[in-house]
Structures are given as C-alpha cells and as structure tokens.
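Visitor: Have a look at this prediction, sequence included:
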Amino acid sequence: MWNSSWREKTWSELDQSWDIIIIGGGITGAGLLRLASSAGYKTLLVEGKDFSSGTSSRSSKLVHGGFRYLYNKQYEVTRESVREREWLLSEAEELVNPLPFLLANYEQYHVKNIELWLGVVIYDLFASKWKHKRYSREKILRDYPKLNPDGLMMGCRYEDANVDDSRLVVRVLREAVREGGTALNYARAIDLLQDNSGKVHGILLKDTSVQNGREIELKSRIVINASGPWTDEVRGHIGAPNRLRKLRGSHLVFPYEKFPMDTALTLFHPKDKRAMFVIPWEGTTLVGTTDIDHPAEFEQQYSEPFATREEVGYLLDAVKMMFPDLRLELDDILSSFSGLRPVVRSGAATPSKESRAHAIWLEKGLLTVTGGKLTTFRIMAEQTMNTAAAYLGRAPLERKRFFNKLPDLPACDELDPQTGVYLLGRYGIEIRNLIETARPGELQKISPLPNVWAELRWAAREEAVHHLDDLLLRRVRLGLLLPEGGTELLPAIRSIVQPELGWCDERWEEEERRYRQIWKMYYAPVPDASC
Ligand code: FAD
C-alpha cells in the first residue's frame, strides 16, 4: 500500500478535483478519512510531518472517560468518552485493552470517601456497567506495598482502557486507504485557496519530504482542518481569530523493574493536588502528566515539544512522594515525551479547568474540528462529516462498523499465541502479510518489549516511513521504551530496515545522526532542549 514507489506515485496523481481534503494526520484526521472514504467521498488527507507525529503519539495512551473531568463538572465529556471507550473495547479489541485503575484517597486530598465512591459509581453508570470496587486501606497496601501509607484512607478500583495511540492512527488510516481514501505524510498545506468571494476551495500543498520540495494547488469541494494544536495557524490563512490554548503535557517513562505497576493508579500531586496517572504500558510504567501553557517562543525555537527540567522534576517529585521506598531518581528514567493539547480557550484561569470538549466551526468554507480527545475521535469525525455532508448537499452518514473485523490468528509455529494476539490488534487484517514478511527469527520478541523484529521490517516496507524517527518513535515505540532510545540495537535494526527502505550507507548514517539528535533533544529523560 505505502511501499517505496508509493510517495512518487501519489504525488503524480494528486492533481484531480477532490470532494474532501483533510489537513492533519493525527487521530482526528484519520477518523475523518475513514468515514469519508467509506461514504464514497473522494478524499485526500495530508500530513505535514509524519502520521501521528503531533499530539496523537504523545497522549497518556488511555481510552478513558477522564475521571477528573467529573470533578471539573464536565459531565457530558465524561459520559460521551466512557461510551466511546466501551465501543472501542468491543470494535478495536486487542488494540484497545481494559486497564484496571486504583484511585487512592489520602487525608491530605481533603476529599470525602463518599465523594470518591460516588464518582466511580457515576462513571460506571455512564457506561452502563458495574466494574468498580471499594478497596480498604489494608487491601491497597497489600496490593501496592510500595505505596506511601501516610494518610491513606481507602481507594476505589474502576476500569478504563489503554492503547498504543500511534498504532491506532496507523490502523485507522490504513483501513481508510483500503476503502479508497488517500493519505500522504510529509505534505504540508501551506496556504488555503479562496475564490473571489473568499470561500475556501482548496489548498496549496508543499512536499516536505525533501528540502525545497515541490508545491501544487489542489482543488476540493470542502477542506477540513484537523490540524490539532495547529488549528489556529491553518485558520489564520482566512483571517480567522485565534481560539485555541495550547497546553503542554509531559510524561516520564520508567522501566518495569524499577517501577513495577500492573494496574494503573490515579493520584493527586502531593504539592498542588493536580490529578496524575501512573500507567503500565508496553512493559514500562508511564507517569504523567503536566498541564501548562506552551509558550509561542518554544514553537519558534524547537521543532517538537519536550518536557522541561521543571516538569521532569515535578513528575519525579510526585513519584518519590507517593512511592518513597522505590527510591526513584533521574537516572532511573528511560525517556520522556511531551505533547500539546488542542484545547478551545474558554478563559479558565488554570489549564486543568479548561474544557476538553471538541468544537466544530464552519468559516468561509473551511470546516474545522478541534479539541476533544483521542477517545472521542469517532464522534468528532461523525459530527464533522455530517456538517460536511450538509454543506455538500449530501445525506448524513449512516453509522456502520468502523474497524474491520479481526481475522483468525494465522497458524504459525514461530509465533507464541500471546504475541500473535498482540500483533492482531495492532495490524488487524494485515497480520497475515506481516507474518509472511518475517525472515527466520524475526517473529521473536525484541526483549524486553512485546514487539517482534518483523514489525520493523513490515513498517519499513509498508508503513510510509520516511525518517528513522518515524520508525522508532511511532510505528514501533522503541525510542520511548528502551534505554538511550534503543540505540544499542541500531546495528540489528539497520540490517533489517536499510535494505527495505532502499537507503544507501550515507543516508542511513545521516538518519542515525538525526534520530540520535532528536532523541537527545526531545525524548531523553531530561531533554537537551530543556538545558
Ligand atoms: P494531532 O494528533 O496533533 O494531529 C494534527 C496533525 O496536523 C499533526 O500531525 C500536524 O503535524 C498536522 N498539521 C498541522 N498543520 C498542518 C498543515 N498545515 N498541513 C498538514 N498537516 C498539518 N486523549 C485521550 O483520549 N486519552 C489520553 O490518555 C490522552 N492523553 C493526553 C495526554 C497529553 C499530554 C495530551 C497533550 C493529550 C492527551 N489526550 C488524550 C488528547 C489527545 O491526545 C488529542 O486530543 C488528540 O491526539 C488530538 O488529535 P488530533 O488529530 O486532533 O491532533
């Protein structure tokens, strides 16, 4: 689908009139492409960098209602989200998996136990399920022996879900392309085309896969702006005023041996009582997140967001206070990552009080969808597509199955069944092709991760990898999950992917240099950019 000749071929076929052009290859754009393609619209999605490289690879990896939104009285956001969580658990099974949470209550929080209990009850009622349990102080300390006992009163267990956010985007995109959609990464909409009345009727697209890349004007009946935190930049081309507040959220990643967590934990930062998560993910433990305004100067100076030294300290402080016996220090952190929340500005004083609801605006023929959450991407896509349909004089969409049904797991001696199921969720109906691509030994795990070597070959061959960081930070998350961004494995990775990507030695070395630099600058435990 996205093999070595695909990029050139796609560029050579771009000059046609499209029904819909979508700007942005995060989860919002991917969801839109999926619905638009299956409704028969001739649709093109363009992504200025790599697919999911914006916020959609930098989330907390949760498919959740957002328990803390209940406390901010954002009931509708929570209700909608838990329902979508249930849908994702059933339709995107094995990619979206149930995740038990403990919400521990401490005297220092000044929250009554009954309030906590009511919260989890409402949470479950919204989803029409009954999974919550009350945990006594003794039970909590038995299950979480390293948790700080000082002031601990009781806890509530409830259930959410988690996902590999980047893989969710790629799976949705690839299923959309199978339905007839076109998606192109490293292609940036640098301007909007407007007719004499000012109405948007296309984009000026620039090839960002090379320096001084080609440009082309593309016509479309409607343009949808799904550019996440960069929504205002795109709207700026038609003179629309800014409406977004970019809020940065950062995470730390710890190795399981240093910070063993088998279920997730919701806690409140001991210093400012902000809600935080500790989450088991892909054999590591994530701690996040911060929630602070992202200054414009950072964006001008740096190509990616990163956790500042203060944020790393803030998150580490919470872990040290909540798990003092683990004696975690900076040296124990594997990596950090940071993303920008596209939040519609409401004037709230503190970032965490801003609503996470999504918004849809139709301005001069430019349809914008922004805000919201990874969890609610289908609802955002449906509402946006129905607005687009009305604009184009077409009937509203009929809701049908969104994800392709998973096939049976192909019989394969080399693959252990648990890994097979893991791959099934990530690759869906393409699992057979992935297995067929594997050379001997490549269905073994990349220890200690759940991933197998064949995923690297498959991604290099088939998943629109243009830079090494696309492969190691997003298609397979080695850069986040292994010490030093997995650089020790680069020789082994090179032997698999260099021939697949058709890179000469010089290109490989340049890509390796670039990857090491990006990792140190933006993903190291204390990113160089913050020093
Ligand atoms: P993005 O993923 O940012 O995609 C927009 C894309 O548009 C980018 O890839 C960008 O490169 C591209 N683009 C921009 N301008 C142009 C242009 N001119 N031309 C072409 N392309 C362009 N939600 C949850 O449900 N669960 C969570 O656990 C969760 N945790 C989060 C934690 C953090 C720290 C943050 C920041 C957010 C979290 N969210 C979570 C929210 C969720 O991640 C976002 O709402 C979602 O990923 C936004 O997706 P998007 O597609 O709208 O934006």
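Guide: Received the coordinates, thanks.
Visitor: what kind of secondary structure is Ile222 in?
Guide: Three-state assignment for Ile222 (DSSP: H, G, I helix; E, B strand; the rest coil): strand.
Visitor: actually Lys405, not the one I typed
Guide: On the three-state scheme (three-state DSSP), Lys405 is labelled coil.
Visitor: Quick one: residues contacting the most centrally placed residue in the chain.
Guide: Nearest residue to the geometric centre of the chain (Cα atoms, centre = their mean): Ser56, 2.8 Å. Each residue near Ser56 by Cβ atoms under 8 Å, 6 or more residues apart in numbering is listed here: Gly26, Ile27, Thr28, Ala30, Asp165, Ser166, Leu168, Val169, Gly228, Leu374. Bear in mind the C-beta positions are built from the backbone N, C-alpha and C, glycine included.
Visitor: Near the ligand, which residues of the stretch 51-200 of the chain are found?
Guide: Ser53, Gly54, Thr55, Ser56, Arg58, Ser59, Ser60, Lys61, Leu62, His64, Arg188, Ala189 (Cβ under 6 Å from any ligand atom).
Visitor: Kindly apply the preceding question to the stretch 251-400 of the chain instead.
Guide: Residues of the stretch 251-400 of the chain lying near the ligand (Cβ under 6 Å from any ligand atom): Thr289, Gly339, Leu340, Arg341, Pro342, Gly372, Lys373, Leu374, Thr375.
Visitor: Mind checking which of those residues land in strands?
Guide: Judged by DSSP state E, these include Gly339, Leu340, Arg341, Pro342 as members of strands.
Visitor: can you pick the most crowded of those residues?
Guide: Greatest neighbour count in those, by other Cβ atoms under 10 Å, goes to Pro342: 27 neighbours.
Visitor: Surely it touches Thr55?
Guide: Yes: between Pro342 and Thr55 a contact is recorded at 6.7 Å, counting by Cβ atoms under 8 Å.
Visitor: Give me the common contacts of the two.
Guide: Contact with both Pro342 and Thr55 is made by residues Gly228, Pro229, according to Cβ under 8 Å, 6+ apart.
Visitor: Single out the residue in the stretch 401-531 of the chain that lies closest to the ligand.
Guide: With Cβ to the nearest ligand atom as the measure, Arg474 is the residue of the stretch 401-531 of the chain nearest to the ligand, at 10.3 Å.
Visitor: How many residues are close by that residue?
Guide: Close neighbours of Arg474, defined as other Cβ under 10 Å, add up to 26.
Visitor: For Leu267, see how far away it is.
Guide: 29 Å (Cβ to Cβ, to the nearest Å).
Visitor: Please apply the same query to Ser220.
Guide: Counting by Cβ to Cβ, the separation of Ser220 from Leu267 is 47 Å.
Visitor: if you count what's nearby, which of those two comes out ahead?
Guide: Legend: neighbour count by other Cβ under 10 Å for Ser220 and Leu267, higher for Leu267 (25 against 22).
Visitor: and this structure, what are its domains?
Guide: Domain assignment for the chain by automatic domain parsing gives 6-55+166-243+355-391, 98-162+245-345, 417-522.
Visitor: so where's this structure uncertain?
Guide: 352 (pLDDT under 70).
Visitor: for the stretch 51-200 of the chain, what spans make up the strands?
Guide: Here the stretch 51-200 of the chain has its strands, by DSSP state E, counting those that start in this stretch, at 62-63, 97-106, 133-136, 152-162, 182-184, 187-194, 200-207.
Visitor: Can you give the strand pairings for the third one, parallel or anti for each?
Guide: Translated: strand 133-136. Each strand paired with strand 133-136, and its direction, by DSSP bridges: strand 152-162 (antiparallel).
Visitor: can you pull the alpha-carbon coordinates of the strand it pairs with into PDB?
Guide: Extracted in PDB, the C-alpha atoms of strand 152-162 (Å, rounded to 0.1, in the frame of the first residue of the first chain):
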ATOM      1  CA  LEU A 152      -4.000   6.700  53.100                       C
ATOM      2  CA  MET A 153      -7.700   6.100  53.900                       C
ATOM      3  CA  MET A 154      -9.300   3.900  51.200                       C
ATOM      4  CA  GLY A 155      -9.500   3.600  47.500                       C
ATOM      5  CA  CYS A 156     -11.800   2.700  44.600                       C
ATOM      6  CA  ARG A 157     -11.000   0.400  41.800                       C
ATOM      7  CA  TYR A 158     -12.500   1.200  38.400                       C
ATOM      8  CA  GLU A 159     -11.800   0.300  34.800                       C
ATOM      9  CA  ASP A 160     -10.700   2.200  31.800                       C
ATOM     10  CA  ALA A 161      -8.600   1.100  28.800                       C
ATOM     11  CA  ASN A 162      -5.400   1.800  27.100                       C
END
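Visitor: how far does that strand sit from the chain's center?
Guide: Chain-centre distance of strand 152-162: 23 Å, with Cα atoms, centre = their mean, to the nearest Å.
Visitor: now the angle from it to strand 97-106?
Guide: 160 degrees (axes from the mean of the first three to the mean of the last three Cα atoms, to 10 degrees).
Visitor: quick revisit: do you know which of the strands of the stretch 51-200 of the chain lies nearest Leu482?
Guide: Ranking these by proximity to Leu482 (Cβ to Cβ) places strand 152-162 first, at 19.4 Å.
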